[in-house]
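*Asks:* Everything below, folded, please.
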Amino acid sequence: MSTRPKGPKVHQYLFGRPRAATASGQSASTEMGGAAVALLAATRRRSTPPVASLLHRAARGLHEATAAAEEDKVRTRRRRSSSTRLLGPDISDTWDPDPRAAARQPPPRASAVDCESTATIIDGKSIAEDIRLQISEEVRQMKNAVGHVPGLAVVLVGNRKDSQSYVRFKVKGCEEVGIKSLLAELPENCTEDEVVDSVSRFNEDPSVHGVLVQLPLPQHVDEEKILNAISLDKDVDGFHPLNVGNLALRSRKPLFVSCAAKACLELLLQSGIDLMGKHVTIIGRSKVVGLPTSLLLQRHHATVSVIHAFTANPEEITRESDIVISAAGVANLVRGSWLKQGAVVIDVGTNPIEDPASDYGYRLTGDVCFEEAVTVASAITPVPGGVGPVTIAMLLANTLDSAKRVYGLSDSTP
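*Replies:* Here you go, the predicted structure:
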């Protein structure tokens, strides 16, 4: 008896059953694939060569059509995001406070007796003085032991008055503790190569143990290129990618940590502030303060929130924080209403405000409205006289540590 299939059944094998809308949403390509499998099975069962050959060719055609359909499906799938997209847009933080908040002028400056203060004033000048005395003693011991002293080199580009002022403080700090200081001053219109050449000369000078470039640089100079030119072993500002990366990895130890970040931690630790498990909010995420401070605090097992110019609800976040560190560079950004009762406030901001009564025509104020915050916080740093002096002391300490490594001296710092 012949095993030749009847016409309608062959037609069914070739084209599959008519598609019907199902709850499972089975695709046409899946049904085509099923038809191809059925045809191949039928081929094995048929004994008549012409029919078997016909079925085999039909199955192969269906298989190829199914594969092509699957390839088209893959091509139309969502592609993974590019590395650039995953890293996020490179947009600088431009703080634009709420117009209503900007219109609120800071209250009149009050004297210490007029201000109903409940906060302890964290005296950065006193803490910095103790650190400098210790550094001075260690520099003296180094000179007696190896006949050399640490050396710090500074590259200053342009004539910004604030940058010149900061450099003067750093040079003065070196003189006070016995560290040798060198200064390379370049004009505003200098080229990138000229800045790199200055950095390279200091990199190669064995008497120099720390190199820093005063920021910000003119717009035509690539800041990252210049900072990356500084030798890792002399990166006393702690901005080198390897130093920042090692800071982020708790199992590793960076050669240097940002001076401002170390200053914030030193002020907290010297004031007896417990960090473990505390909620710390940092306002600002720059590589100078915000980023390294957040990484350093995580090493102390604090719970860290970072607020930036695009944060939708900064006041709500800071009001839940045990410690607030502000480094946004916006005068009076943080009001008393931003703080919860008893919070600790570290104000890194140094913003010039016009003041005709001042000898210089301006005065420095922080990011935090001191007159308001001092009645809410349990402890607060003043501006000036808070973070600034300790930051310079930490720069001197980093330079000393660098020289110790070069001369093979043990670290006697407790």
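
*Asks:* mind listing the helices for the stretch 301-414 of the chain?
*Replies:* Under the criterion DSSP state H, counting those that start in this stretch, the stretch 301-414 of the chain contains helices at 314-318, 370-373, 387-407.

*Asks:* Helix or strand: which one has the residue nearest to the spatial centre of the chain?
*Replies:* Nearest to the centroid of the C-alpha atoms of the chain, with distances taken as C-alpha atoms, centre = their mean, sits L291, at 3.4 Å. Per DSSP states H and E, L291 falls inside helix 290-299.

*Asks:* So for that helix, mean pLDDT?
*Replies:* Summarised as a single mean, pLDDT over helix 290-299 is 96.

*Asks:* Show me the shaky parts of the stretch 301-414 of the chain.
*Replies:* Scanning the stretch 301-414 of the chain for pLDDT under 70 picks out 411-414.

*Asks:* Does V208 touch H148 like I think?
*Replies:* No: V208 lies out of contact with H148 (C-beta atoms under 8 Å); the separation is 11.3 Å. Where C-beta positions appear, they are placed from N, C-alpha and C, glycine not excepted.

*Asks:* Now render the helices of the stretch 301-414 of the chain as JSON lines, adding mean neighbour count and distance to L217.
*Replies:* Compiled in JSON lines, the helices of the stretch 301-414 of the chain are given as follows (neighbours: other C-beta atoms under 10 Å; distance: least, C-beta to C-beta, whole Å):
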{"stretch": "helix 314-318", "mean neighbour count": "18", "distance to L217": "29"}
{"stretch": "helix 370-373", "mean neighbour count": "22", "distance to L217": "31"}
{"stretch": "helix 387-407", "mean neighbour count": "23", "distance to L217": "18"}
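
*Asks:* any chance of those in a markdown table, with distance to F169 too?
*Replies:* Compiled in a markdown table, these are given as follows (distance: least, C-beta to C-beta, whole Å):
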| stretch | distance to F169 |
| --- | --- |
| helix 314-318 | 30 |
| helix 370-373 | 21 |
| helix 387-407 | 6 |
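
*Asks:* Please name whichever of those is nearest to K253.
*Replies:* Go through the helices of the stretch 301-414 of the chain one by one with C-beta to C-beta and the one that ends up closest to K253 is helix 387-407, at 11.6 Å.

*Asks:* Run through the neighbouring helices and strands of the closest one.
*Replies:* On a contact count with 3 or more C-beta pairs under 8 Å, 6 or more residues apart in numbering; DSSP states H and E, helix 387-407 meets helix 124-146, strand 151-157, helix 161-177, strand 210-213, helix 259-270.

*Asks:* distance of N159 from V146?
*Replies:* 38 Å (C-beta to C-beta, to the nearest Å).

*Asks:* Looking at these two, which is more packed in?
*Replies:* Remark: of N159 and V146, V146 carries more neighbours, 14 against 10, as counted by other C-beta atoms under 10 Å.

*Asks:* Could you check what's spatially nearest to the more buried one, not counting adjacent residues?
*Replies:* The shortest distance from V146 to any residue other than its chain neighbours is 4.8 Å, reached at Y407 (C-beta to C-beta, 6 or more residues apart in numbering).

*Asks:* what sits against that neighbour?
*Replies:* Y407 makes contact with 142, 145-146, 148 under the criterion C-beta atoms under 8 Å, 6 or more residues apart in numbering.

*Asks:* Same list, these, but as TSV with pLDDT and distance to Q341 please.
*Replies:* Converted to TSV, those look like this (pLDDT from 0 to 100; distance: C-beta to C-beta, whole Å):
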residue	pLDDT	distance to Q341
M142	97	47
A145	96	51
V146	97	53
H148	97	52
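
*Asks:* Take the residues you listed and lay them out in TSV including distance to S200.
*Replies:* Shown next, in TSV, are the contacts of Y407 (distance: C-beta to C-beta, whole Å):
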residue	distance to S200
M142	26
A145	30
V146	25
H148	22
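
*Asks:* rewinding a little: which one of the helices and strands packed on helix 387-407 is the most hemmed in?
*Replies:* Across the helices and strands packed on helix 387-407, the average number of neighbours (mean count of other C-beta atoms under 10 Å) peaks for strand 210-213, which reaches a mean of 27.

*Asks:* Please identify the pairing partners of that strand and their relative orientation?
*Replies:* Applying DSSP bridges, strand 210-213 is found paired with strand 151-157 (parallel).

*Asks:* Alright, calling it a day.
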